[in-house]
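Chemist: Here is a sequence together with a model predicted from it:
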Amino acid sequence: MAAHDDPTALSESLASQATMRIAGIRKLTGFYTPLEERFERISRLGKRALGVRAAGVTLITDETLWFKSIVGWRISELLLKDSLEQPMLESGEPLIAMDTHKDLRYAKLPLVMGGPKFRFYAGFPIRDVDGEIIGTFSAFDTQPKQADETLIETLSDLGHLAERELLTKELWEAQNKLVSKLGSARRQALLDTLTRVWNRRGGVELLDSLLEESETSGERLAVLMIDIDLFKEINDKYGHPVGDRALRKIAASIVASVRPDDIVSRHGGDEFLVILRDAAPEHCRMVAERISANLRKTRLRTRQGSVSVTLSIGMAVSGAGKPMTAKKIIEQADQALYHKKKSGRAGATLYPDDIR
């Protein structure tokens, strides 16, 4: 794969590929879905391995580029015509632009001329089982770079890894039955734009659906209500931008601590709701401890130094095959959370075992 610096007219319209690509995306129900650790891991690895400012995995339709995962850049969606990916998608081959200022395909793009002022782009096309391009692994930097064999090989490895994860059957089986009931526009409306997990309505709607199914399946569901301890102090001392960064980090840490088929939603300003599937009380306690332990390893860096964050967690478990509403089980988890916060914060309480 060679870097392309010569000005070349775009030879083929993406419109001719749109129908097949959109069909593939809809089949995977991957568009407008919440944060998933397996893609966050690839993006983090790509950012470090390629030494770039940002890296991510995207999905595409005829007009839109949607970031399934992105590390190092606050963005979720972009018009394809404004993206650095379009020339690669036109060619259908991996592409490296070593210096966007010297490449007429990129020089006038808003992302190059204005913020973030990208000077380097590397992209690898992700294809579905029929060979149609449905997404990309992309890397961005604000400084030009030289493309050597190591960079090219690393880009290819990361692209193939993202493609494998995107097409893995088990990935889509985890949430597909729930997610496929929601149209793309509905999924978009049920995602929290700041943290990229489900929002309050999304979490409650999915919980209601799972509880209804559990009455016949006999599956036990657990709800964890998670509150960030003393979050107001973080906002007051460091400002709301730092508070927003804390929320994004905490959401990502929670997602990384649970299984792919568990559900994470932002339930309020500084509260998260986690739905655990096939969960007994002992599993609840184990997951709550894992969430807390993983967050203890996460430090929030500010100009005044790093900040540690703790969580208070209230837990409730449904009975096997017994009728239960989302409102009721959330109230139980809330009671357990209230008890934990009254008794000292930074830990987990199970309803009703720990509050009798």
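Modeler: Received the coordinates, thanks.

Chemist: Check the secondary structure at Arg245 for me.
Modeler: helix (DSSP: H, G, I helix; E, B strand; the rest coil).

Chemist: Test my guess that it contacts Leu300.
Modeler: Yes - shown here, Arg245 and Leu300 form a contact pair, counting by CB atoms under 8 Å, at 6.7 Å. Just so you know, the C-beta spots here come from the backbone N, C-alpha and C atoms, and that holds for glycine as well.

Chemist: quick one, strands of this structure?
Modeler: Secondary structure of the chain by DSSP state E: the strands cover 54-60, 64-71, 77-79, 95-97, 120-127, 133-141, 222-228, 263-266, 271-276, 300-302, 305-307, 311-317, 347-350.

Chemist: Mean neighbour count added to these, as JSON lines?
Modeler: As requested, the strands of the chain are exported to JSON lines (neighbours: other CB atoms under 10 Å):
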{"stretch": "strand 54-60", "mean neighbour count": "25"}
{"stretch": "strand 64-71", "mean neighbour count": "22"}
{"stretch": "strand 77-79", "mean neighbour count": "14"}
{"stretch": "strand 95-97", "mean neighbour count": "24"}
{"stretch": "strand 120-127", "mean neighbour count": "25"}
{"stretch": "strand 133-141", "mean neighbour count": "27"}
{"stretch": "strand 222-228", "mean neighbour count": "26"}
{"stretch": "strand 263-266", "mean neighbour count": "26"}
{"stretch": "strand 271-276", "mean neighbour count": "24"}
{"stretch": "strand 300-302", "mean neighbour count": "15"}
{"stretch": "strand 305-307", "mean neighbour count": "11"}
{"stretch": "strand 311-317", "mean neighbour count": "26"}
{"stretch": "strand 347-350", "mean neighbour count": "22"}
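
Chemist: could those strands go into CSV alongside distance to Leu151?
Modeler: Shown next, in CSV, are these (distance: least, CB to CB, whole Å):
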stretch, distance to Leu151
strand 54-60, 13
strand 64-71, 18
strand 77-79, 24
strand 95-97, 7
strand 120-127, 7
strand 133-141, 9
strand 222-228, 39
strand 263-266, 34
strand 271-276, 38
strand 300-302, 28
strand 305-307, 32
strand 311-317, 39
strand 347-350, 45
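
Chemist: Is it possible to get a markdown table of those strands that adds mean pLDDT and distance to Thr325?
Modeler: Shown next, in a markdown table, are these (pLDDT from 0 to 100; distance: least, CB to CB, whole Å):
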| stretch | mean pLDDT | distance to Thr325 |
| --- | --- | --- |
| strand 54-60 | 95 | 34 |
| strand 64-71 | 94 | 32 |
| strand 77-79 | 94 | 34 |
| strand 95-97 | 97 | 52 |
| strand 120-127 | 96 | 40 |
| strand 133-141 | 96 | 38 |
| strand 222-228 | 97 | 11 |
| strand 263-266 | 96 | 17 |
| strand 271-276 | 97 | 14 |
| strand 300-302 | 83 | 36 |
| strand 305-307 | 83 | 38 |
| strand 311-317 | 97 | 12 |
| strand 347-350 | 96 | 19 |
